[in-house]
Each structure stands twice: as structure tokens, then as C-alpha cells.
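In: Okay, sequence plus prediction incoming.
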Number of protein chains: 2
Amino acid sequence: MNFCSGCGNKVHQAVPPGDNRVRWCCAHCGAIHYQNPNVVVGTVSTWAEEILLCRRAIEPRYGLWTLPAGFLENDETTAQGAERETREEAGATIELLRPYAMIDVPHVNQVHLFYRARMLHPELDPGEESLEARLFQVADIPWDHIAFRTVEKTLRWFIDDLAAAQPDHLAPIHYDAITLGLRPRGTP
Amino acid sequence: MNFCSGCGNKVHQAVPPGDNRVRWCCAHCGAIHYQNPNVVVGTVSTWAEEILLCRRAIEPRYGLWTLPAGFLENDETTAQGAERETREEAGATIELLRPYAMIDVPHVNQVHLFYRARMLHPELDPGEESLEARLFQVADIPWDHIAFRTVEKTLRWFIDDLAAAQPDHLAPIHYDAITLGLRPRGTP
């Protein structure tokens, strides 16, 4: 950040009065430009016991498999965002069941939230951000080609739950934090 | 938004290629300035069966009671943010138990997330953003002076759970969305 988005003058870094963190501040108009984490919303969508994955047509992680997910937008709920991403990336028609997994990814300033969802029919129609969308049997999940650690973690929770036949309406949300590991900065 | 925060030139609204929403775009440097919802994190903290509330010393809702909560910051997890807000606003020392309630507030572009927490001792030391911090018996909760609907909703869930003696480790997360009602824009 170099310039104030309100008045166009140069910004500087300072701790505003009453605050305890450095923010981008504009001395000209007095604006404080806060920067906060983003929410990524997606789904673990299934048809029978097959799990919906999309192969990414965009960077980062082009060509790798992911659960359908993307940034929550203004003016929508997390449920609406999760449904929208699943429709846009996979062309799937789904019914959301409940919030399923929440994973903090503080090194990229993101919170990933996956809803459990049921597909209403098996037809798929992948959008521009997906090379393909496919239903996978658990045994066929391409573990060596999963795009993000949050996706891998959520898939493993889900497969454990399938094995335990955990009733969806009673189960607590899974949650964890992923901290900076071997993968390059910018990829959760 | 009037100016590009990167190069300082005027921005305009347009749908970028491959996108389906209007964004603030800079024709000079090509930057797209996305705007996305914020996460508010807080706690339902208790000592024995008394519930911790803070009386707001800041706008909006100056003088009204709230669960300790505030904006999630960059470089922290939702759990760290919830603990920090409870410490900053109430001076409480807590142990987090689990994510308890998630409420979408799309008309102010926020997601509110409350953790269940246990106070490790009953001492409180309210910070600058609180006029006071206090432990309330359920019967004494000041329902007519609660700052936000998300706080009221979360408190009602918690009181129902207390009555049902729901074991914390087994309970699913509560979730809901609050849509635009009678309160003025800008107050969840």
C-alpha cells in the first residue's frame, strides 16, 4: 500500500491512537486503512458416497485437485458463498447440510470454511476456473495431487467420519490451524 | 474508494476479465482492489455458570453490553483473536474450548464467530474499549441493553445449552444468518 484510497495522498505506517497495531494511515484525510483476513468458503459435496473434486485451471496450484471453494464475497452469507463456489467451479446443484470444517491459515491471512453438502443430481458442468470436475470414490482420491493442505485435511476428516458413520446433524465442527510449513508463501 | 492504493491514480468500477462482479480497478497499473467480508471473533466465557459481558466504551452501541469480541487481525488464528479480544476488553484469562456459534451478517459484510471458553480465575481488568466487565448470572443478563443481535442470539443459544446440559465436546456449532432488520445499517 502506497497511497490513500480515499484522497490519493501518500500513506505511512503508524499505530493509531487507542490502537495497538501498526496500520496504514493517511495524514492528509485521517483515514486508517485496516487490513484483515479473508474467508474462503467451499463444500465437501457428495453424490452417494462419491466426493466432488475440481481440477484447478488457475494459479496457484494449476492442474491439482481441490474441493470447490473460493473467497467469500460482500453481501453474501458463508452458506451462499459455499453454494455459489460449488456451482461456479463444478456446476453442481447441492443442498447444504452444515458447517463441517474450519481451518485457520494465518500465514496467508485466511480462514477456510467448508460446508457439508449433498448433490441433488450427479450432473456436473465445470466452470472457467476448473479443468474438470469429477466424483471420486474414497479409494480413488488423488492424494498426491491435492492442491491445498486445508483440502487434504478436510478430506481426511470426512473419510474418517464416513468410516465412523457419524450422523451429520450431531457432529461437532472440525477445526485446526495450519501454520507455515514447507509450501511456499501464498499457498494455503 | 477513489484512488489506487498501489499507484495513486483514479480507480473505476468494472468487471475484470474472467470475473463476474464489479470491482475497483486501476487502468494505470492494472491492479484490482477486491473488497471482502471481515471476521469478528469473540468468546462466551464463563466462571462457574456466570457469563462474562463487557459494557462498550466505544461506538457503535456505546454503553450497551456485549460478549467480548472484535475484528480478527492478520497473522492470527480465530482462536488467538478470540482469546486476545477477551483479554483486551475484559482482562480475562481464559482457556478456549471449541468454536461455539457462527453468525453471518451479510448486510455489514461480517461473519461473527464465538468460541466457548472457560475463565481460569474470576479476576477481570477491563481495557479502554470497555466501561466495565462483569460476570452475570443467567437471571441477571441485561436483555434490554445488549449491543448486537449476534450477541443476543449467541447468549440465548448458550442459555438453552446450559439448561439442556449439552456436553461441550459433542455439540455441533450453532449457526445462523442475520439479515437486514430494524436496526440501522452498520450495526450487526
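Out: Alright, I've got the coordinates.

In: Of all residues in chain A, which one is nearest the centre?
Out: A:Val40 (3.1 Å; Cα atoms, centre = their mean).

In: Not counting sequence-adjacent ones, nearest residue to that residue?
Out: A:His112 (4.6 Å; Cβ to Cβ, 6 or more residues apart in numbering or on different chains). C-beta: built from backbone N, CA, C; applies to glycine.

In: Tell me the buried residues in the helix or strand hosting the one you found?
Out: Following DSSP states H and E, the helix or strand that holds A:His112 is strand A:110-119. Neighbour counts over strand A:110-119 (16 or more other Cβ atoms under 10 Å in any protein chain shown) mark A:110-117, A:119 as buried.

In: Also stretch A:53-62?
Out: Within stretch A:53-62, the residues scored as buried using 16+ other Cβ under 10 Å are A:53-56, A:61.

In: For it, which outside residues touch it?
Out: Outside stretch A:53-62, the residues that touch it by Cβ atoms under 8 Å, 6 or more residues apart in numbering or on different chains are A:63-68, A:89-90, A:126, A:128-134, A:136, A:141-142, A:147-148, A:186-187.

In: residues near the residue nearest to A:Ala171 when sequence neighbours are not counted, how many?
Out: Closest residue to A:Ala171 apart from its sequence neighbours, by Cβ to Cβ, 6+ apart: B:Pro172 at 6.2 Å. Number of residues near B:Pro172 (other Cβ atoms under 10 Å in any protein chain shown) recorded here: 14.

In: now B:Pro172, what's its secondary structure?
Out: Put simply, B:Pro172 is coil when judged by DSSP: H, G, I helix; E, B strand; the rest coil.

In: related to what we said a few turns ago, return the set of residues that bridge with the residue nearest to the centre of chain A.
Out: Listed beta-bridge partners, A:Val40: A:Phe71, A:His112 (assigned using DSSP bridges).

In: For the longest strand along chain A, name the packing helices and strands.
Out: Secondary structure of chain A per DSSP state E: the longest strand is strand A:94-105. Under the contact criterion of 3 or more Cβ pairs under 8 Å, 6 or more residues apart in numbering or on different chains; DSSP states H and E, strand A:94-105 touches strand A:38-47, helix A:78-90, strand A:110-119, helix A:149-164, strand A:174-177, helix B:78-90.

In: same question for it, mean pLDDT?
Out: For strand A:94-105, mean pLDDT is 95.

In: Same question for stretch A:43-50.
Out: Across stretch A:43-50, pLDDT averages out at 96.

In: So for that stretch, what gets flagged as buried?
Out: A:43-47, A:50.

In: now, which of the buried residues of stretch A:53-62 lie within strands?
Out: In strands, defined here by DSSP E, the members of those are A:53-56.

In: Just give me the closest of the buried residues of stretch A:53-62 to A:Trp157.
Out: Taking Cβ to Cβ as the measure, A:Leu53 is the one of these closest to A:Trp157, at 15.2 Å.

In: and that closest one, how far is that from A:Asn38?
Out: For A:Leu53, the distance to A:Asn38 equals 22 Å [Cβ to Cβ, to the nearest Å].

In: Dump the buried residues of strand A:110-119 to TSV, plus pLDDT.
Out: Formatted as TSV, the buried residues of strand A:110-119 follow (pLDDT from 0 to 100):
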residue	pLDDT
A:Gln110	96
A:Val111	97
A:His112	97
A:Leu113	97
A:Phe114	97
A:Tyr115	96
A:Arg116	95
A:Ala117	97
A:Met119	98
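
In: near chain B at all, the lowest-mean-pLDDT helix or strand in chain A?
Out: Within chain A, no helix or strand scores below strand A:174-177, which has a mean of 86 by mean pLDDT, DSSP states H and E. Yes. Residues of strand A:174-177 contacting chain B under Cβ under 8 Å from any Cβ of the partner chain: A:175, A:177.

In: domains of chain A?
Out: Chain A breaks down into these domains under automatic domain parsing: A:1-35, A:38-177.

In: Comparing the ones you listed, which comes out most buried?
Out: domain A:38-177 (a mean of 19; mean count of other Cβ atoms under 10 Å in any protein chain shown).
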